[in-house]
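Trainee: Fold the following.
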Amino acid sequence: MTKTATPKTRTITMTDRPPVTVAEDAWPIIAAGSADHDDSDGRGNPPNRRWTRMIRVRQHADGRAIVYGVYGYATNHQGEPDAAARRGYVVGADLIIEHIREVGDELAEAESDADIDDMRKDVHQWRVAVQECIASLPAEEL
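Mentor: Modelled structure (predicted):
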C-alpha cells in the first residue's frame, strides 16, 4: 500500500475578507521582512517581552500573490496585556510592493492602537520590516 503525502496547508488571515487556505508548496514564500526583538539581556536568560513584526509574500505560479503580516507583543509581566494583529491581501504581481507597504502601514496602526503601554510600542520598526521585505523580492533583470 502506497501512502500519499497530504500537502501542507496554511491558513492566512486577510484584511476585510475571510481567511484563505493555501497549499504551501503551491504558494512558496518569495519575500519576507521582519523587525522582531525581545528584552533578553543576551546572557542566556529568557525574555520577558517579545515583539513580532513580520511581512511575507507568497506567490502562485499563475502570478497571484498573497501579501500578509503579523504583529505580536507577548509579555510575561503580570497585569500587562498581550497584543496581536494580522493583515493580508490577495493581489496581482504588479501590486506586490504597494501591498507590502499597505500591510506595514496597517500593522503599524494596529500596534499604535494596541492596548499596551506606549513605552512598549515602536511603530517605526514597521519601516524596517517593509524595506527588508521589498529588498528580498526576486531581483528584476534589466
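Trainee: Trp126 against Asp105, yeah?
Mentor: Yes. Counting by Cβ atoms under 8 Å, Trp126 touches Asp105, with 7.4 Å between them. Yep, even glycine has a C-beta here, placed from its N, CA and C like the rest.
Trainee: Have a look at these two and say which one is more surrounded.
Mentor: In this view Trp126 and Asp105 are compared by other Cβ atoms under 10 Å, and Trp126 has more residues nearby, 26 against 15.
Trainee: how many other residues sit next to the residue nearest to the more buried one when sequence neighbours are not counted?
Mentor: For Trp126, ignoring the flanking residues on the chain, the nearest one in space by Cβ to Cβ, 6 or more residues apart in numbering is Ala108 at 4.0 Å. Neighbourhood size, Ala108 [other Cβ under 10 Å]: 23.
Trainee: Which secondary structure state does Ala108 sit in?
Mentor: Classification of Ala108 using DSSP: H, G, I helix; E, B strand; the rest coil returns helix.
Trainee: again with Arg127
Mentor: Per three-state DSSP, Arg127 ends up helix.
Trainee: Identify the residues contacting it.
Mentor: With contact set as Cβ atoms under 8 Å, 6 or more residues apart in numbering, Arg127 has these partners: Gly104.
Trainee: Look up how far Glu102 lies from it.
Mentor: Arg127 sits 14 Å away from Glu102, going by Cβ to Cβ, to the nearest Å.
Trainee: Okay, helices next: where are they in this protein?
Mentor: For the chain, the helices defined by DSSP state H cover 96-113, 125-135.
Trainee: got those as CSV, with mean pLDDT columns?
Mentor: Output for the helices of the chain, formatted as CSV (pLDDT from 0 to 100):
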stretch, mean pLDDT
helix 96-113, 97
helix 125-135, 97
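Trainee: To Ser34, which of the ones you listed lies closest?
Mentor: helix 125-135 (5.5 Å; Cβ to Cβ).
Trainee: pLDDT weak spots in the protein?
Mentor: 1-2 (pLDDT under 70).
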